[in-house]
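1. how would this look folded up:
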Amino acid sequence: MDTSASAGVGIRRRDILQILAALGFSGPLAETLAAQAAPVVSADALKGAATLLSGTFDDARLAVAHKALQRNLDQLQVVRDLDLPDALEPGVIFQARRS
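-> Numbering: from 1, shown residues only. Sure, this is the predicted structure:
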């Protein structure tokens, strides 16, 4: 397991599930606990990212980026919340479609 969380990179969902499994939490309970740690985009995080990219963005532009990033996170959460049976086979062909 990578210990890059102390370097400010953050902890991955996979790491959280491995830690929970090591503590004896597995299956649906581990998924529920990991989902409670869902990421939220903050204005400070966006300003920090803009600084790293050597860009100067005004507050209006950061507000638009904040809305877009939070919308993307919410859409990913919908996918994570899908209740799929364990017997479901993975798709052989994947075609992304926008609705």
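2. C-alpha only now, for contacts and for neighbours.
-> Fine.
3. Least confident secondary structure element in the chain?
-> Sorted by mean pLDDT, DSSP states H and E, the helices and strands of the chain end with helix 28-36, the least confident at a mean of 71.
4. helices or strands up against the one helix or strand residue 76 maps to?
-> For residue 76, the host element (DSSP states H and E) is helix 59-80. Helix 59-80 sits against helix 43-52, with contacts defined as 3 or more C-alpha pairs under 8 Å, 6 or more residues apart in numbering; DSSP states H and E.
5. Quick check: mean pLDDT of the helix it packs on?
-> The average pLDDT within helix 43-52 is 82.
6. Mind listing what's buried along it?
-> 46, 47 (16 or more other C-alpha atoms under 10 Å).
7. Can I get that helix in PDB, CA atoms only?
-> Provided in PDB are the C-alpha atoms of helix 43-52 (Å, rounded to 0.1, in the frame of the first residue of the first chain):
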ATOM      1  CA  ALA A  43     -12.800  26.500  -3.000                       C
ATOM      2  CA  ASP A  44      -9.500  26.300  -1.200                       C
ATOM      3  CA  ALA A  45      -8.600  23.100  -3.100                       C
ATOM      4  CA  LEU A  46      -9.400  24.800  -6.400                       C
ATOM      5  CA  LYS A  47      -7.200  27.800  -5.500                       C
ATOM      6  CA  GLY A  48      -4.400  25.500  -4.600                       C
ATOM      7  CA  ALA A  49      -4.700  23.600  -7.900                       C
ATOM      8  CA  ALA A  50      -4.700  26.900  -9.800                       C
ATOM      9  CA  THR A  51      -1.600  27.900  -8.000                       C
ATOM     10  CA  LEU A  52       0.100  24.600  -8.900                       C
END
